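Peer 1: Need a 3D model of the following:
(one chain, ligands or ions: 1)
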Amino acid sequence: MTLLESVRSETLREGSIPVLETKRLKMRAPRHGDVKAVATLANDRRIAENSARIPHPYGADDAAQWIASVNAQLNDHAGETAFVITLADGTLIGACGFGLLREGAPEIGYWLGSAYWGQGYATEAVHAVIDYAFDDCGHDALQAGARVTNPASRRVLEKCGFQWTGVGLYRIRALNSSAPIDRFRLDRGLWSSLKAWGMARRVV
Ligand SMILES: CC(C)(COP(=O)(O)OP(=O)(O)OC[C@H]1O[C@@H](n2cnc3c(N)ncnc32)[C@H](O)[C@@H]1OP(=O)(O)O)[C@@H](O)C(=O)NCCC(=O)NCCS
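Peer 2: Model prediction:
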C-alpha cells in the first residue's frame, strides 16, 4: 500500500465505519446532517410496516435518535452497524445495516426511499454490506427476515444468496402487533462459494 492509498482509506473512514463503494453507490456512516433526508424518506408507511422497528409516522427526532444510537459498540460485535446508502452524487436514498437483534447470527436490514425502488439498488447495497460483515467484521453467518407479504425484500435476499430457513413471527412496531415473516440465513462459506462462482463466470 502506498502512502497516498493509506491516507485515502483513513480519510474515508468515519469513526470505525468505512465507506463502502459499489458500481453505483456509496455507503457511509450516518451523520447528524442526514436527519432531514432520513426522516423525509423513511416517513413512509410501506417502509415502516415492512421493518421491525421503524415507527410511523417517522420524524426528525426518530432519525436523530437512530443516528445517535448506531455504530456505537463495534468491538465486541454488539449493537447495530448502520450505513446510509447514497448515489455517487451524494444523494441519500436509504439505509442498510446489521446487528445482533435476536438469538443467533446478526440480522441484516435495509430500506430505500420509494422513488428509488426497482432499480437494483437494494441488492447492490446489501451485497456490499454482506462483504463487510464477513470480511471486515469476521461474522460467520447473517440472518434476515422478510414479511410474507413482501416479495421484493424476499427477492433481494435470494439474489444475495440467503437461504430460506422457515417462518416466524416478528413484532412490527408500526403495526403495534406481530406479523408472519419468512426467515433466511447466509453462511460465510456459501457466500464465498457464490462469489467465487460469480467471478469464475465473469472470467469465462
Ligand atoms: C425491499 C426494498 C429494499 C427493495 O429495494 P429495491 O432497490 O427495489 O430492490 P432491487 O431492485 O434490488 O430488487 C427487487 C427485486 O424484487 C422484485 N420485485 C419487486 N416487487 C415484486 C413483487 N411485487 N413480486 C415479486 N418480485 C418483486 C424485483 O423485480 C427485483 O427482482 P429482479 O431483480 O429479479 O427483477 C424496497 O422495496 C423497500 O425499501 N421496501 C420497504 C422496506 C422493506 O421492505 N425493507 C426490507 C425489510 S425486510
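
Peer 1: Okay, now the sheet partners of the helix or strand Ile93 falls within, with direction.
Peer 2: Using DSSP states H and E, Ile93 sits within strand 92-99. Under the criterion DSSP bridges, strand 92-99 sits next to strand 80-87 (antiparallel), strand 107-112 (antiparallel) in its sheet.

Peer 1: Which positions in the first one come out as buried?
Peer 2: Going by neighbour count (16 or more other Cβ atoms under 10 Å), the buried part of strand 80-87 is 80-86. C-beta: built from backbone N, CA, C; applies to glycine.

Peer 1: Could you list the residues in contact with it?
Peer 2: Applying Cβ atoms under 8 Å, 6 or more residues apart in numbering, the contact partners of strand 80-87 are 17, 20, 24-30, 34, 38, 66, 69-71, 74, 92-99, 101, 110, 112, 121, 125, 129, 132-133, 137.

Peer 1: okay, it in CSV with CA atoms only?
Peer 2: Taking C-alpha atoms only, strand 80-87 is exported to CSV below (Å, rounded to 0.1, in the frame of the first residue of the first chain):
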residue,chain,number,x,y,z
GLU,A,80,-26.1,-2.1,15.4
THR,A,81,-23.8,-1.3,12.5
ALA,A,82,-25.5,1.0,10.0
PHE,A,83,-24.8,2.7,6.7
VAL,A,84,-26.7,5.3,4.8
ILE,A,85,-26.9,4.5,1.1
THR,A,86,-26.1,7.3,-1.3
LEU,A,87,-25.8,7.7,-5.0
